[in-house]
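Chemist: sequence and predicted structure are below.
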Amino acid sequence: MTLEEAKKAIKEPDQQAMELCKRRWDSIAKPLHSLGKLEDNLVKIAGITGSADIHLEKKALVTMCADNGVVEEGVTQTGQEVTAIVTDNFLNKKATASILCSMAGADIFPVDIGVAAETHVIDRKIAWGTKNMTKGPAMTREEAQQALETGISMVEELKNKGYSLIATGEMGIGNTTTSSAVASVLLNEEVEKMTGRGAGLSSEGMTRKINAIKKAIEINQPDPTDGVDVLSKVGGFDIAGMAGLFIGGAVYGVPIVIDGFISAVAALAAARICPLVKEYMLASHVSKEPAAHLILEALGLSAPLHCDMCLGEGTGAVVLFPILDLACGVYNGMSTFQDIQVEEYKPLA
Ligand SMILES: Cc1cc2ncn([C@H]3O[C@H](COP(=O)(O)O)[C@@H](O)[C@H]3O)c2cc1C
Ligand SMILES: O=C(O)c1cccnc1
């Protein structure tokens, strides 16, 4: 499906399914709304899937893996070769996200959407990394569109395989630099406010990172009203691929879980391309990256978890999975007021 077709296919979530789900929660023998965001997330899922019958047995994490030409500017603590190593490690439980997935009963789908080396994961390579955005656009508009469409098609494939919940993740040395650039443009905020130390960076490194982002924005002049333009000029294949996952979730009625800062920036870009996509994403945690909470605020989302995590790879999103499983267990298994023959709970005015 093309991006244009996807945009046309997106509808409002199903209000009736949400209402039914709320009614089911309110009928359960416990104080009203006492499971808070656990309840809210299931109501949202009902609206996304169009059904109050909620089962989350098959869960997936898609990690979009890509390299970033901007690492030439000395904006990271580790070298670009780490991207390919961690990408392949997703396959053999040697990466944090793959271990978390096996513990949470989820399957991991690492996608090479633009790693600058050969890898052994799902091959959707658009290019061998992006160009250095301080010297010109990171990629062409066509490449950005291709990355978005890759994300959309991954959701279609996983839905056809029976997956009902998808977490978003990434691996790409230098992608907090591109994320901060995209966030700065989309929110029209100072680069300094949007930039953190990523996977660990010295103070001199931070100065280089901020200067590189400013230079990239200055030279490329991305149009903040055009999400595809911003992604292509100062983004990366991984961020655009994840933005595609969010758009795909809205097209195919599959809830998509946001991870940390990088994933949230992708969600923001997706929402700029098509505002309704916001209704199809679930927040998981608030990353320790300084601007993460601002991105979630801009999306109008409130994350249930505050773990001071800042790892990426989809780790925080996968941590939400067992919590949603627990919510689902109560939703599907708990007795109702009718079962225990108690008049419905009436809160005090
Ligand atoms: C060994 C290693 C494993 C990682 N797994 C995720 N990231 C995280 O760090 C990177 C972003 O930080 P920056 O922009 O500072 O490079 C991304 O790959 C992100 O997923 C890692 C980083 C490293 C070094
Ligand atoms: O929050 C994130 O996604 C993040 C932060 C730092 C490094 N890697 C990922």
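Modeler: Thanks, I have it. Ligands and ions are numbered 1, 2, ... in the order given.
Chemist: ok, which stretches of the chain are helices?
Modeler: 3-9, 15-27, 36-49, 81-89, 96-104, 141-160, 175-187, 191-194, 203-220, 227-234, 237-252, 261-273, 292-299, 315-333 (DSSP state H).
Chemist: first to last residue in stretch 79-93, what's the distance?
Modeler: This stretch, stretch 79-93, spans 22 Å end to end (C-alpha to C-alpha, to the nearest Å).
Chemist: to the chain's geometric centre, what's the distance from that stretch?
Modeler: Relative to its chain's centre, stretch 79-93 lies at 19 Å (C-alpha atoms, centre = their mean, to the nearest Å).
Chemist: what parts of the stretch 51-200 of the chain come near ligand 1?
Modeler: Neighbours of ligand 1 within the stretch 51-200 of the chain, by C-beta under 6 Å from any ligand atom: 76, 78, 82, 86, 170-177, 198-199. Just so you know, the C-beta spots here come from the backbone N, C-alpha and C atoms, and that holds for glycine as well.
Chemist: now pLDDT and neighbour count too, for these, in a markdown table please.
Modeler: Below are those laid out as a markdown table (pLDDT from 0 to 100; neighbours: other C-beta atoms under 10 Å):
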| residue | pLDDT | neighbour count |
| --- | --- | --- |
| T76 | 98 | 23 |
| T78 | 97 | 16 |
| V82 | 98 | 16 |
| V86 | 98 | 24 |
| E170 | 98 | 30 |
| M171 | 98 | 30 |
| G172 | 98 | 33 |
| I173 | 98 | 25 |
| G174 | 98 | 29 |
| N175 | 98 | 32 |
| T176 | 98 | 29 |
| T177 | 99 | 28 |
| G198 | 97 | 25 |
| A199 | 97 | 15 |
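Chemist: just give me the neighbour total for C310.
Modeler: If you count neighbours by other C-beta atoms under 10 Å, C310 ends up with 23.
Chemist: leaving out chain neighbours, which residue sits closest to it?
Modeler: Nearest residue to C310 in three dimensions, chain neighbours excluded: K288, at 4.0 Å (C-beta to C-beta, 6 or more residues apart in numbering).
Chemist: report pLDDT for that neighbour.
Modeler: pLDDT for K288: 98.
Chemist: for it, give me its contacts.
Modeler: With contacts defined as C-beta atoms under 8 Å, 6 or more residues apart in numbering, K288 is in contact with 196, 308-310.
Chemist: quick one: it and C307, what's the gap?
Modeler: Relative to C307, K288 is positioned 9 Å away (C-beta to C-beta, to the nearest Å).
Chemist: before we move on, the earlier item: quick one: closest of the helices of the chain to K58.
Modeler: helix 141-160 (8.6 Å; C-beta to C-beta).
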